[in-house]
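K.L.:
Need a 3D model of the sequence below.
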Amino acid sequence: MKTLRIAIIIGSTRPGRNGEAVAKWVYEIAKKRTDTEFELVDIKDFNLPLLDEPMPPIMGQYSKPHTKTWAAKIDKFDAYVFVTPEYNHGVSGALKNAIDFLFREWNDKAAGFVSYGGAGGARAVEQLRLNLAEVQMATVRLQVLLSMYTDFENFSVFKPGPTKEQSVNDMLDQLIGWGGALKTLRKKSD
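P.N.:
Numbering: from 1, shown residues only. Down below sits the predicted model:
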């Protein structure tokens, strides 16, 4: 029996984005595992406007249908892989906004990262670690960094290097371990 549910979140809504190809690649690697259930989640499908809830997310008083739909989707997972671009030395506005809509649904869960950009997306992940700590998520150390110079042909066709699949599995190993530990913690507080 698969004990954990992990979402692979596409963290960009930009037309012509590279994130969809990267997330599908991560998903194909993840599906080879038998220990966990994975699902692709595309924030683009949720049409989230700029945060428009009148109450802070920590209150859990969501009033908008799009927030309630997003909350229901995110709540059912035990851990997340954030596939994020690096835009202007940081995380995409769309991903930050999607995170900011919720609070309790993220609490006491684990997060891993697959990032891409000129510097492998490292600076976007640094920002995400800070953002996710505030919504009480634990982030694993291992991350997958993809360079626009070496892992994409002409900056648009995704062709990951030969060692990258192992990096994904190493990150998933940590994420599954932490996700399982935190699931136990959440059960104790129920």
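K.L.:
Do you have the strands of the protein handy? List them.
P.N.:
Assigned by DSSP state E, the chain shows strands spanning 4-10, 36-42, 79-85, 109-117, 137-147, 152-153, 157-158.
K.L.:
Compare the ones you listed and give me the one nearest L48.
P.N.:
Of all those, strand 36-42 sits nearest to L48, with 11.5 Å by CB to CB. Placement of C-beta: from N, CA and C, glycine included.
K.L.:
Not counting residues beside it along the chain, what's closest to P54?
P.N.:
Distance criterion CB to CB, 6 or more residues apart in numbering; nearest residue to P54, sequence neighbours excluded, is S63 at 6.5 Å.
K.L.:
so how far is R17 from the residue nearest the centre of the chain?
P.N.:
Among the residues of the chain, F82 comes closest to the average C-alpha position under CA atoms, centre = their mean, at 1.9 Å. F82 sits 14 Å away from R17, taking CB to CB, to the nearest Å as the criterion.
K.L.:
For the strands of the chain, give me CSV that also has distance to D100 and mean pLDDT.
P.N.:
As requested, these are exported to CSV (distance: least, CB to CB, whole Å; pLDDT from 0 to 100):
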stretch, distance to D100, mean pLDDT
strand 4-10, 14, 97
strand 36-42, 16, 97
strand 79-85, 14, 98
strand 109-117, 15, 98
strand 137-147, 13, 97
strand 152-153, 29, 94
strand 157-158, 28, 95
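K.L.:
Select, out of those strands, the one closest to L51.
P.N.:
strand 4-10 (17.2 Å).
K.L.:
Packing partners of that closest one?
P.N.:
helix 19-31, strand 36-42, strand 79-85, helix 164-189 (3 or more CB pairs under 8 Å, 6 or more residues apart in numbering; DSSP states H and E).
K.L.:
Quick check: which of these is buried the most?
P.N.:
strand 79-85 (a mean of 27; mean count of other CB atoms under 10 Å).
K.L.:
Below-threshold pLDDT in the protein: ranges please.
P.N.:
Residues of the chain meeting the criterion pLDDT under 70: 1-2, 189-190.
K.L.:
circling back to that earlier point, what number of neighbouring residues does the residue nearest to P54 come out with?
P.N.:
Number of residues near S63 (other CB atoms under 10 Å) recorded here: 10.
K.L.:
so it touches M55, yeah?
P.N.:
Yes: counting by CB atoms under 8 Å, M55 is a contact partner of S63 at 7.3 Å.
K.L.:
want to throw the helices and strands packed on strand 4-10 into CSV with distance to I10?
P.N.:
Shown next, in CSV, are those (distance: least, CB to CB, whole Å):
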stretch, distance to I10
helix 19-31, 5
strand 36-42, 4
strand 79-85, 6
helix 164-189, 15
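K.L.:
Which of the ones you listed sits closest to N107?
P.N.:
helix 164-189 (8.0 Å).
K.L.:
same for the closest one, what does it pack against?
P.N.:
strand 4-10, helix 19-31, strand 36-42, strand 79-85, strand 109-117, strand 137-147.
K.L.:
chain center to that helix, what's the gap?
P.N.:
Distance, stretch centre to chain centre, for helix 164-189: 13 Å (CA atoms, centre = their mean, to the nearest Å).
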